[in-house]
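In: Whatever this is, show me its structure:
(2 chains)
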Number of protein chains: 2
Amino acid sequence: MKKNYLFTPGPTMVPPEVALAEAQSMIHHRTPQFSQIFYEVSEDLKYLFQTKAGDVFTLMSSGTGAMEACVANVLSRGNKALVVVSGKFGERWAELCKCFGIETITIDVENGKAVNPQDIETALNKTRGINVVFTTQCETSTGVVHDIKSISPIVKKHGALLVVDAITGIGVHQLLMDEWNIDVAITGSQKGCMMPPGLAFVCVNNSAWSVIEKADLPRYYWDFRKMRKELKDKTTPFTPAVSLVMAMKAALDMIKKEGIENVWKRHARLAHATREGAKALGLELFAGEYASNVLTAIKAPTGIDVDKIIKKLRDETGVTFTGGQDELKGKMIRIGHMGYVNDFDIIVAIAALEKGLYEAGYPVEPGKGLSKVQSLLVSKK
Amino acid sequence: MKKNYLFTPGPTMVPPEVALAEAQSMIHHRTPQFSQIFYEVSEDLKYLFQTKAGDVFTLMSSGTGAMEACVANVLSRGNKALVVVSGKFGERWAELCKCFGIETITIDVENGKAVNPQDIETALNKTRGINVVFTTQCETSTGVVHDIKSISPIVKKHGALLVVDAITGIGVHQLLMDEWNIDVAITGSQKGCMMPPGLAFVCVNNSAWSVIEKADLPRYYWDFRKMRKELKDKTTPFTPAVSLVMAMKAALDMIKKEGIENVWKRHARLAHATREGAKALGLELFAGEYASNVLTAIKAPTGIDVDKIIKKLRDETGVTFTGGQDELKGKMIRIGHMGYVNDFDIIVAIAALEKGLYEAGYPVEPGKGLSKVQSLLVSKK
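Out: Now for the predicted structure:
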């Protein structure tokens, strides 16, 4: 009886309510019936991004598509971009900017650490005339969370726009679009939103429009101006992913019912228990004090082939963790705990971790991690 | 007991087998489990495009996204494009080329007519050095089908690439990628493939790669080179829409079981019956001899508000037709009959058409269109 337990950095587990909403009878997108659903989803997305002033657009793409859309909409030829690179997804911002011919300065942050906001100030002082600062909220490749709240005033002081990849942040960590003065933030459906992959969401605050209106990079499918125009009519410029939008309605209903503050708290609680469970097994964490609540990145113990453990657990038990990417390959186990995850899922994750390590010959006392996790979960709300 | 009957140009009706496949338990995309499904889908897509030599890429976007991907991959700065414009979707090719700064020459075809392949020859002779010819196979805005088979050798003779928007053509009309020597063709999931919207498919033949490799327009999310590299490893460069890919497997299984030639024949048969049914009601068709089997575009009878009929039928009975777009608004009723459509669906469509016209005061003898359709359907295989 193998079940799929997805402790991955996305796609994450999908509630049956959401999966079945996706299987509803198909309707045409140019109808009042669809417009009503799309309108409700778009309004609920404002709650998710904690914005009243901004618009939230629904893109039919992966998160990378939404990143490209940001680059194509906020930059113009001859502009300069500053990118915070603390892993694979920060690198992607830089690659995208360069692909569009933009002069790109990077702040390279040590793996497992968050950027020091002062380093952004220094970089903005060193290179004058930077138009846009791109950063990641949660870097899933290393499990780090950046302090967007402290970064924002520095960027604004220098008159630049702040664009945040919150693909794995939204619905997990607090992100206050309006209060923190973020210009553009994005997320994807297959993370905290508990959805299958297929949709990405872009929140554009009022402050960004003067730049977007005048920007001159080529954009058609990604054009935020067209999206804003159509959103006023409760629709999209091009055929939307109807079934995914219907599923998103169900997912957002669940988030609203729990309350976004409770969603953030739940993730903090589960992440804390996971970290402590791993430490109780004598494991070292990758991200230390900068650890995000999205996933727990555990350093591979010396002499243990963690990729083999991950593969064996996945194929034999259905519990899916992920390893390190690129230069971090073989160096970590990443346990995702975002979205449709509760106490008992963390118990399962730690049980599987113990089992995998035990079978690989790492000295584990079975139940030691579990006891730690259980003691934390039963005593804390 | 209102049911959704989608006689629309996409999204089209989704078989329950496909919708429920979409609701399957989520799996991670970087696993052998997903790779196996993705590989099978990619192989089956070759059958759909009738190619052995080409690669078929699965994009997470609408059809327009796939169109942008083609433009960004086959053109370079300073290139010239020739675009066949016979309606809204031909226009879209031209808009995209211009958006990317490409010198764009259009052949404007009269509404309701197909392009004369000789006009393409003339245009290619008149403007030397055209790099790419873009055309539509089925123009859903007017219900016309273009003769791609005759267009292809003309384009090849002039050394240009041929890129075909077969978004509504594939899975309805014959399209032979290899035999007709098409360089690039695209389709979308929500048309002949009987799927929800969310995926687009691009077939790239070997002939196009030397151009794609050297092309210099900015491309990242749309980069065919990255897609080809990842397809060899049975995966995608960015997170794919896992649930839609699983549903696509179910849809392709149905198409393979019926046989693609039978799929084409079925559409020809149903389209013929629909056209004759409409004519039996004294209605005039928009496309005449160039009518595609994707949809039947019927001219609005004088003095009849067809948009009101469409709205009333949709809201009261769930039967969804569409009207004309842009300058054709109010001038036509479009009855789609592609994908998951059988004889009895056509009976329902004509019954609804009769009802709508009757209630709007158009002189209809109830059952006249139905009798015509039924007589054709029972007597012809």
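In: Poorly predicted segments of chain A, please.
Out: Chain A contains residues with pLDDT under 70 at A:381.
In: what sits against the residue most central in space within chain A?
Out: Centroid-nearest residue in chain A, with Cα atoms, centre = their mean: A:Thr168, separated by 1.0 Å. Applying Cβ atoms under 8 Å, 6 or more residues apart in numbering or on different chains, we find A:Thr168 in contact with A:9-10, A:137-138, A:140, A:188, A:191-192, A:292, A:294-295, A:338. Every C-beta, even on glycine, is put in place using the N, C-alpha and C of the backbone.
In: 7 Å instead?
Out: A:Thr168 makes contact with A:9-10, A:138, A:140, A:191, A:294, A:338, according to Cβ atoms under 7 Å, 6 or more residues apart in numbering or on different chains.
In: With chain B as the reference, measure out to it.
Out: With distances taken as Cβ to the nearest Cβ, to the nearest Å, A:Thr168 is found 11 Å from chain B.
In: wait, is A:Val84 part of a helix?
Out: No: in this structure, A:Val84 is strand, not part of a helix, as judged by DSSP: H, G, I helix; E, B strand; the rest coil.
In: Not counting residues beside it along the chain, what's closest to it?
Out: Counting by Cβ to Cβ, 6 or more residues apart in numbering or on different chains, A:Thr135 is the residue found nearest to A:Val84 once chain neighbours are left out, at 4.1 Å.
In: which SS state does that neighbour fall under?
Out: strand.
In: and what of A:Asp307?
Out: Applying three-state DSSP: A:Asp307 is helix.
In: which residues of the stretch 201-350 of chain A fall in strands?
Out: Here the stretch 201-350 of chain A has its strands, by DSSP state E, counting those that start in this stretch, at A:295-299, A:319-320, A:322-323, A:332-336.
In: what's the angle from the last one to strand A:295-299?
Out: By that I understand strand A:332-336. 160 degrees (axes from the mean of the first three to the mean of the last three Cα atoms, to 10 degrees).
In: Now do the lengthiest helix in chain A: distance to the chain's middle.
Out: In chain A, with assignment by DSSP state H, the single longest helix is helix A:260-280. Mean-position distance between helix A:260-280 and its chain equals 16 Å (Cα atoms, centre = their mean, to the nearest Å).
In: Quickly find the element holding the residue lying closest to A:Leu59 once chain neighbours are set aside.
Out: Sequence neighbours aside, A:Ala200 is the residue nearest to A:Leu59 in space, at 4.5 Å (criterion: Cβ to Cβ, 6+ apart). With elements taken from DSSP states H and E, the one containing A:Ala200 is strand A:199-204.
In: what do you get for A:Trp180?
Out: Going by DSSP H and E, A:Trp180 is not in any helix or strand.
In: where's it relative to A:Met254, distance?
Out: Going from A:Trp180 to A:Met254 by Cβ to Cβ, to the nearest Å gives 25 Å.
In: out of the two, which sits in the busier spot?
Out: When neighbours are counted by other Cβ atoms under 10 Å in any protein chain shown, A:Trp180 and A:Met254 differ, and A:Trp180 comes out ahead with 19 against 15.
In: Now for the more buried one: which residues touch it?
Out: A:148-149, A:152.
In: now with 10 Å?
Out: A:50, A:148-153, A:156, A:162, A:164, A:174 (Cβ atoms under 10 Å, 6 or more residues apart in numbering or on different chains).
In: By neighbour count, which of those wins?
Out: Most surrounded of the contacts of A:Trp180: other Cβ under 10 Å gives A:Val164, at 28 neighbours.
In: excluding its backbone neighbours, what's nearest that one?
Out: Nearest to A:Val164 is A:Ala185, by Cβ to Cβ, 6+ apart, at 4.4 Å.
In: Output the contacting helices and strands for the host helix or strand of the one you found.
Out: If you go by DSSP H and E, A:Ala185 is part of strand A:184-188. Applying 3 or more Cβ pairs under 10 Å, 6 or more residues apart in numbering or on different chains; DSSP states H and E, one finds that strand A:184-188 contacts helix A:32-49, strand A:55-60, helix A:63-74, strand A:161-165, strand A:199-204.
In: Reformat the ones you listed as CSV; add distance to B:Ala114.
Out: Converted to CSV, the helices and strands packed on strand A:184-188 look like this (distance: least, Cβ to Cβ, whole Å):
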stretch, distance to B:Ala114
helix A:32-49, 32
strand A:55-60, 30
helix A:63-74, 34
strand A:161-165, 46
strand A:199-204, 36
